[in-house]
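1. pasting the sequence and the predicted coordinates here, then a few questions.
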Amino acid sequence: MSKHPITLTINGQEYNLYVADHHTLLQVMRDQLDLTEVKYGCGRGECGACSVLVDDEKEASGRKAIDSCLALAVTMDGKKITTSRGLGENGQLNSVQQAFVEESGIQCGFCTPGMVVKATSLLEKNPNATEEEIRFGLEGNICRCTGYVKIVDSIKKAQKVINKK
Amino acid sequence: MTTSVVGKRIPKVDSKDKSLGTAEYAGDIRMKGMLYGKIIRSLDYAHAKVKSIDFKEAQTMPGVVKCLAPKDVTKNGYNTTIMKLLVPEAFNEVFGEISEMYIFNTHIKHQGDSVCGIIAETEEQAERAAAKVKIVYEPLPVYLTAEESRQPDAVQFTPLKPGNLASEFDPGFFPDKAYGWPDAETDKWGDDLEAECDVVVEDNFYLNKVKQCQMENNCAVALYDNRGRLTCWSSTQMPKPVQVLLAELFELPLSRMRYVTTIVGGAFGARLGMVCEPHACAMAMAVQGRPVKVEMTREEDWIASETRFPGDYKMKMGFKKDGTPVFVDAHFTGYKGAYYTHGGGPIFCAAAFVHGMYKWQTMRMKGDSYFTNTAPVGAFRGYGNPQTSFVQEQLVDVACEKLGLDSVEWRKKWHKTIGDETWLKGVTYASDDLNSCIDIAAKEFKWYQKKKKYATQKGPKRRGIGMAIMNHTSGAWPMLLEHTVSTVKLNEDCTVEIMQSVSDLGTGGHTAIQQMAADTLGWPMEDIHLTTGDSDVNGFDVGAHASRTVYCGGPATMEACESVKKQLMERAAQLLEARVEDLEMDSKKIISVKGSSKKSIDAREIAKQGVYNFFDAATGKQIGIPGQIQGYSSYLANHCSPPMGATFSEVEVDVETGQVKLVELVNAHDIGKAIHPPSVEGQLEGGAQQGLGQVLCEDMIYDKEGHCLNADFTDYKMLGPTDMPKAKIILVETAPDPIGPMGAKSCGESALMGPIGSVANAIADAIGIRFTEAPITPERILRGIKESGKTFA
Amino acid sequence: MPSSRILPEFELLLPESVAEAVKMLKKHKADATIMAGGTDVIVSGTQGFITPYVISLSKIKGIDTVKFSKTGGLRIGAMATLQKVADDKDVQKMYPALFKSAAINGTPQIRNMGTVVGNVLRASPSGDCACALLAIGAKIVFEGPRGKREVSIDDFFIDYKKTARKVDELAVEIKVPAPKKGEVSAFNRITRTTLDLSKINAAVSLVVEKGVCKSARIAMGAVAPKTIRLTDTEKLLKGQKITGSILEAIVASVVGQISPIDDVRSTADYRNQVSPVLLRRTIEEAIA
């Protein structure tokens, strides 16, 4: 099994590591770097529990959400990645996470790291998203606890706070 | 009280941690020297005998530490479910409770059944070695329905259950093997009873096999340390009972068995007992001194953990022409899946919740289940009640139509109320505000306006409205043990440690318990800390099931906190030379004589002096009253205050494609008192998604050989954020329960029933065709339209 | 043993140019899988299906563009993501069927990584972009050891997941002709829940002049082993005004051209019954 040296910048911190060809970004983050906030939910890009943001200068917002379980770690060499822990400043909550706390948009919490990553990227790309657009944008992040009601409420609250700034 | 937090929309105590992702679940555990265990399961065969297991090649694979066959682990059988601990031994015998599961099996009974195991240094090494294990199977015939497995020549699943009859209502306990009243022997049945009725309705229904699909995959870590103690970490709903079951399985005294609950990433009944804990522990026992983690894949969730009870459910009802309900006669035959787990529990409860709903003069319901070579059936939120909702609420609508009566008014008139028996004979309703729920929800939903509006429609898209009511329970007294122990330790600075096993499945239990403690003591939330999830520290608690966390756990917390407060007041009375009745404590913890500010003492002084009790040489006495204050409660519930609720749904059926669009849902729930309103709403909102999924699109699909064809999110379809209707949850608190803590009744499971019954009724309303098989898919709808010959201009 | 937690082992090759990728394909042939976004290849890997080599296109520059010109039409690079195509203003304006097939495909995360070209090359019979492009008409441009080759999408889908791609060829872009005057298109699908693979999909591209349909291209998916054109239905439309009776004839013509099966998502009966409805609604949408 050959190994490639790669560099990943995750939440602003640079990591130099050797990864196997067949290891996904999810595996590498969890197993080699102990970044366990990124969750394994299905391993097939269905549930979004592993969602992270990847910098992409071609995006208007500068970054986009991906399923880390579908990205081979080698192909992420040189990329800047943000997880739920890095959304806010200095390990604090960003407006989206704060809204989830205030609106009780979190029950068991397993989908939450991926959900707040997705919600953040949704609002970055479309700050004036309608409820319909929010719901459509949430597809790919499965929550079995909330029925999505308070998740949508949380995002709407975050939207108000962000747009006021 | 200025600092009251009960009933307030405060943030949950664990939200910040979870929003960052720093909350640690079982799969996030890392320990020094940790090994990884892989359970090798039968994937190709749903029913087979294992002829041989060859580890020769697997053993030589890199990183392999041990290969375990059935002979290498305990021979003891077990049952994943903890139910046997919650009833007396004699009861278990009467009900035919068995423990016929084994860690590794030679008689494979379902796709996903465990065969053997590999322990390796890394998860990947275990995975690669597992692929090299050579297993020879001898296939056996596969049975997918009760009808198939109860044939006289069918292969027996276990000698303990002849005829593959897994469960039935034992005739020693249930006359005529039926739940009902009066005794079926003395009652008139059949033609006599039907002859008394003006309208009789009946039908046969089929309920689907659905899966909890909690987002956290199953994972257990175990360590058999060098002191001979076995510790298991996982996210069960029932920590203390699981500690007992594991101790039993591995023949350890409880002092050598520790169970630690990790944060539960959803459960919904899937973790009402054990999943892979036995396997992780068996592996740990084989490598003393090193922790072993067993982490299951998502695919394994469908095939190697427990599902809801599917089956054939028939019901007949009889009425007088003025609507008086005369009798209900029903029979639910469940397809049990491969193992006894939860035996007949959900089937009994399905009957019980029929018993708890309407004022039938006579009721007879039979229930039984037969083994099938499908994933074992266990507990899923609602526990038989969702099945009953699909059947009973539809038949009531059919009857009302035949009787020419308004189905809402009929329900308001004939549902049970205070003084009537609940789901359990001998227990009567303590409170009831269902009619308020119905009225408020109907108004919010605009039921009567919509009825008028949709009376005449044109075109391929047809709107329909439907409603359903439900009854459930708060805890399972007196059927099951209801016992929670709470110890409240007063710290020297007058903050408290609540040492209590509280299972928070995302439900908000940890927050609610701390709120109740805060308000009982009259102190702020910040002063309360809950130490939970460790069997070494916590006293007994049944766990989280039967919607009992607040109703049965809360009183223990309150009682223990009352004790702390009482001890503080008694010591203050002594020190202030006053009477306890004349004292009061404010939110700043100053205890003073009522109406006088001169005689007062800081509770913190009392707490401190209790611990730091020094000898004063000058006076020759101890300073202050010695003894660290602790409160204790060993609380046993004495009721189950069943909650009731009403749901109204609107659908739009496309008669050309059969697709159903969910338009609106309103659910009003008689909660009594919402300790944490956002959590109660969250339970009802989330449960609706599961109920709606059961009635519209969720189903585990098997091929003839017993392979599950949709063990993934690609093809096990759940409603997503764009599929959910506009949903409104109304908490009705106008009738606080006289028994429930602070007036509270439960909500955890109540959410599923109303959506199921009301949507089934709404579809029937939309197109005038009724569906008795769940899920009501577009394929079934188009088939139904075709068979009916109906056209929609 | 397939696992969604651990992929089978393979050797990952990262060519830095198309020429290098072609060299690798020439060497490994069917032992190599080409990976663009990875959303299909990785999922296949979790199901145990992978070849000894995987050739990732992620390092090749310049093949992720979406370019439109009024004369040249649309050119979609092999690594242009579904989201990039869906966000493109020219795509939205000029190719509504393609736009929709990309915009509602999968999830935002999948659209951020998955590619339109990948969707077409995978040749799943329920492929949404494949259906839209078959209706619109397109050419797939391959580079191989024998040089460049263009294949019409009409000749591309051969059988169930079998295409005209040769084992040592790499699809570098898809060319879509500029819309003709009066060309309208639409795409629709039937799914179980919103997020789903299609049970049935349909796309039409019609050239309409003064209410008369000059030409029609009709594609449907998930109703045969591959995405197909309904050529009999196209003939019915040609030269006709799209009236009620024509629509009735269209609806009646569908069942004879499709061969759906029962599968975990739906039944042959359902697909036979609903395909005509879906097609009729798609045509109505295109000409609205």
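-> The structure has been received and is ready for your questions.
2. tell me how far residue C:193 lies from residue C:4.
-> 20 Å (Cβ to Cβ, to the nearest Å). Bear in mind the C-beta positions are built from the backbone N, C-alpha and C, glycine included.
3. who has more neighbours out of the two?
-> Set residue C:193 next to residue C:4 and count neighbours by other Cβ atoms under 10 Å in any protein chain shown: residue C:4 wins out with 24 against 16.
4. without its sequence neighbours, what residue ends up closest to the more buried one?
-> Take residue C:4 and drop its neighbours on the chain: the residue closest to it by Cβ to Cβ, 6 or more residues apart in numbering or on different chains is residue A:43, 3.1 Å away.
5. hang on, isn't that neighbour packed against residue C:47?
-> No. Counting by Cβ atoms under 8 Å, residue A:43 does not reach residue C:47; the two are 10.6 Å apart.
6. compare those two (neighbour count), which wins?
-> For residue A:43 versus residue C:47, neighbours defined as other Cβ under 10 Å are more numerous around residue A:43 (29 against 14).
7. just give the nearest non-adjacent residue to the residue of the stretch 351-500 of chain B at minimum distance from chain C, would you?
-> Relative to chain C, the nearest point of the stretch 351-500 of chain B is residue B:460 (8.5 Å; Cβ to the nearest Cβ). Sequence neighbours aside, residue B:656 is the residue nearest to residue B:460 in space, at 4.6 Å (criterion: Cβ to Cβ, 6+ apart).
8. can you check residue A:36 too?
-> In this structure, residue A:36 finds its nearest non-sequential neighbour in residue B:28, 3.8 Å apart by Cβ to Cβ, 6+ apart.
9. quick one on the thing from earlier: wait, the residue of the stretch 351-500 of chain B closest to chain C touches residue B:658, no?
-> No. Counting by Cβ under 8 Å, residue B:460 stays clear of residue B:658, with 10.7 Å between them.
10. and these two? Which one has more around it.
-> Counted by other Cβ under 10 Å, residue B:460 and residue B:658 do not tie: residue B:658 has more neighbours, with 23 against 13.
11. so what's that one closest to, chain neighbours aside?
-> residue B:778 (3.1 Å).
12. the one you found: neighbour count?
-> 22.
13. just residue B:55 next, same as before
-> Around residue B:55 there are 20 other residues, counting by other Cβ under 10 Å.
14. how much space separates it from chain C?
-> According to Cβ to the nearest Cβ, to the nearest Å, residue B:55 and chain C sit 15 Å apart.
15. which residue is the nearest non-sequential neighbour of the closest residue to chain A within chain C?
-> The minimum distance from chain C to chain A, using Cβ to the nearest Cβ, falls at residue C:107 (2.4 Å). Ranked by Cβ to Cβ, 6+ apart and with sequence neighbours excluded, the top spatial neighbour of residue C:107 is residue A:140, at 2.4 Å.
16. centre-most residue in chain C?
-> What sits nearest the mean C-alpha location of chain C, by Cα atoms, centre = their mean, is residue C:130, with 1.2 Å.
17. secondary structure element for that residue?
-> Taking DSSP states H and E as the criterion, residue C:130 maps to helix C:128-136.
18. ok, and what's touching that helix?
-> With Cβ atoms under 8 Å, 6 or more residues apart in numbering or on different chains as the test, helix C:128-136 has contacts from C:82, C:95, C:97-98, C:100-102, C:104-105, C:116, C:119-120, C:122-124, C:153-154, C:157, C:174, C:176, C:185, C:187, C:189, C:198, C:201-205, C:217-221, C:227-229.
19. name only those of these that count as buried.
-> Those of the contacts of helix C:128-136 that meet the buried threshold are C:82, C:95, C:97-98, C:100-102, C:104-105, C:116, C:119-120, C:122-124, C:153, C:157, C:174, C:176, C:185, C:187, C:189, C:198, C:201-205, C:217-221, C:227-229, by 16 or more other Cβ atoms under 10 Å in any protein chain shown.
20. filter those down to the ones in strands?
-> C:157, C:174, C:176, C:185, C:187, C:189, C:201-205, C:217-221, C:228-229 (DSSP state E).
21. near chain C, which residues of chain B?
-> When proximity is defined by Cβ under 8 Å from any Cβ of the partner chain, chain B lies next to chain C at B:43, B:123-124, B:127, B:130-131, B:295, B:297-299, B:656-659, B:697, B:701, B:709-710, B:712, B:714-715, B:717-720, B:722-723, B:777-779, B:782-783, B:786.
22. can you tell me which of the residues you listed end up in strands?
-> Per DSSP E, the residues of chain B next to chain C map to strands at residue B:295.
23. pLDDT wise, what is the residue nearest to residue A:36 at?
-> In this model, residue B:28 is scored at 98, pLDDT.
24. how close does it get to residue A:37?
-> Applying Cβ to Cβ, the value for residue B:28 to residue A:37 is 8 Å.
25. all helices of the stretch 401-550 of chain B, in order?
-> Secondary structure of the stretch 401-550 of chain B by DSSP state H, counting those that start in this stretch: the helices cover B:407-414, B:434-445, B:447-453, B:509-521.
26. let me see the domain layout of chain A.
-> As assigned by automatic domain parsing, chain A contains the domains A:3-86, A:95-164.
27. most neighbours per residue, which of the ones you listed?
-> Highest mean neighbour count of the domains of chain A: domain A:95-164, a mean of 23 (counted as mean count of other Cβ atoms under 10 Å in any protein chain shown).
28. how far does that one stretch from start to finish?
-> Distance across domain A:95-164, first residue to last, is 11 Å (Cα to Cα, to the nearest Å).
29. how about the residues of chain A near chain C?
-> Within chain A, the positions lying close to chain C (Cβ under 8 Å from any Cβ) are A:1-2, A:4, A:20-24, A:27, A:40, A:42-45, A:48, A:51, A:58, A:64-67, A:69-72, A:74-75, A:118, A:121-122, A:136-137, A:139-141.
30. give me the subset of those that lies in strands.
-> A:4, A:20, A:51, A:64-67.
31. for the chain, give me the ranges with low pLDDT.
-> If you meant another chain, say so; for now it's chain A. Along chain A, the parts satisfying pLDDT under 70 run over A:1-2.
32. what about the lengthiest strand in chain B, average pLDDT?
-> As assigned by DSSP E, the longest strand anywhere in chain B is strand B:325-337. Averaging pLDDT along strand B:325-337 yields 96.
33. just the angle between that strand and helix B:407-414, please?
-> With axes from the mean of the first three to the mean of the last three Cα atoms, to 10 degrees defining the directions, strand B:325-337 sits at 100 degrees from helix B:407-414.
34. what about strand B:325-337, distance to the chain center?
-> Its chain's average C-alpha position is 21 Å from that of strand B:325-337, according to Cα atoms, centre = their mean, to the nearest Å.
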